[in-house]
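S.K.: Predicted structure and sequence below. I'll ask about it afterward.
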Amino acid sequence: MLKLSRSAIEQYLNCKRCFVLVYKHKVRLKTLPFTLNTAVDNLCKNEFDYYREKQEPHPLFIEHNIDAVPFKHPSMDTWRNNFQGVSYIDENLGLKFYGAVDDVWVKPDGELILSDVKSTSKNIFDWEDTWNKYEYPKGYRRQLEMYQWLFRKNGFKVSDKAYLVYYNGLKNEPMFNQVLKFELHLVELKCNDEWVDETLVEAKKMLESDEYPQGSKNCETCQYLKKRWDVNN
Ligand code: SF4
């Protein structure tokens, strides 16, 4: 049984060569963990867990007219665990697909809403501008679409709307005093997970084939390696 995470599928979509290198040949670039972002994720989790325990809406839901509360479910901690997550086994395909969510909210009619926590530090937080200028926000939407797909496959009713709980670190405060302040933004995304089935089949096929795809032309790492190679040859 092949196991693929949602980040493996994101890698497949971003660069098929790196996907094959990492998931077939176990060759990967080491990256440093984003520990400050992880700290924000954890603080946010604690805060939402407070409202989950009380089964009350987070103030953000009231502010944005979202009729929901944080979902209380025995599998919540498994779904949030990076090594477990929410998973689905496709026996016919011979594939286990999984991903760890940040949070799940539930509407009064039982429909689930998927959310993910992001943090950044920009002088002006302008989501529209970021969406139009860069590719990575589309990756955030794909991330939520993969979670939606997984929850649907696990028998839940899931809203097409998903949210990014976005913390913007304020870097121009006059005094630090060991306190990092944030603005909080809620970004609504209209999602569509229809692409997931087909992409899982394609990704698995690629790992089973002898294909060694081209790298992405926009990738700075490969451009750097190519230039280094050119210096010596
Ligand atoms: S272009 Fe090269 S380094 Fe960049 S993601 Fe693809 S294989 Fe990896």
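M.R.: Yep, that arrived.
S.K.: Regarding the chain, what is its longest helix?
M.R.: helix 35-54 (DSSP state H).
S.K.: ranges for the strands of the chain?
M.R.: For the chain, the strands defined by DSSP state E occupy 2-5, 69-70, 86-90, 95-99, 103-106, 112-120, 161-169, 182-190.
S.K.: how close does Trp195 sit to the ligand?
M.R.: 20 Å (C-beta to the nearest ligand atom, to the nearest Å). Any C-beta I mention is one placed from the backbone N, CA and C, and that applies to glycine too.
S.K.: Burial check on that residue, number of neighbours?
M.R.: Residues lying near Trp195 (other C-beta atoms under 10 Å) number 14.
S.K.: count of residues packed around Trp149?
M.R.: Neighbours of Trp149 (other C-beta under 10 Å): 24.
S.K.: my guess is it contacts Thr199, does it?
M.R.: No - Trp149 is beyond contact range of Thr199, at 9.9 Å (criterion: C-beta atoms under 8 Å).
S.K.: Could you check how far the one residue sitting closest to the centre of the chain is from Arg6?
M.R.: Nearest residue to the geometric centre of the chain (C-alpha atoms, centre = their mean): Gln143, 4.1 Å. Going from Gln143 to Arg6 by C-beta to C-beta, to the nearest Å gives 6 Å.
S.K.: Leu60 now?
M.R.: For Leu60, the distance to Arg6 - C-beta to C-beta - is 24 Å.
S.K.: who has more neighbours, those two?
M.R.: Using other C-beta under 10 Å, the more surrounded residue of Leu60 and Arg6 is Arg6, with 23 against 17.
S.K.: Check what pLDDT that one gets.
M.R.: pLDDT for Arg6: 97.
S.K.: show me what contacts it?
M.R.: 85, 97-99, 143, 146-147, 150 (C-beta atoms under 8 Å, 6 or more residues apart in numbering).
S.K.: out of these, which are buried?
M.R.: In terms of neighbour count (16 or more other C-beta atoms under 10 Å), the buried residues within these are 85, 97-99, 143, 146-147, 150.
S.K.: between the residues you listed, which is nearest Met1?
M.R.: Taking C-beta to C-beta as the measure, Met1 lies nearest Phe97 of the buried ones among the contacts of Arg6, at 10.7 Å.
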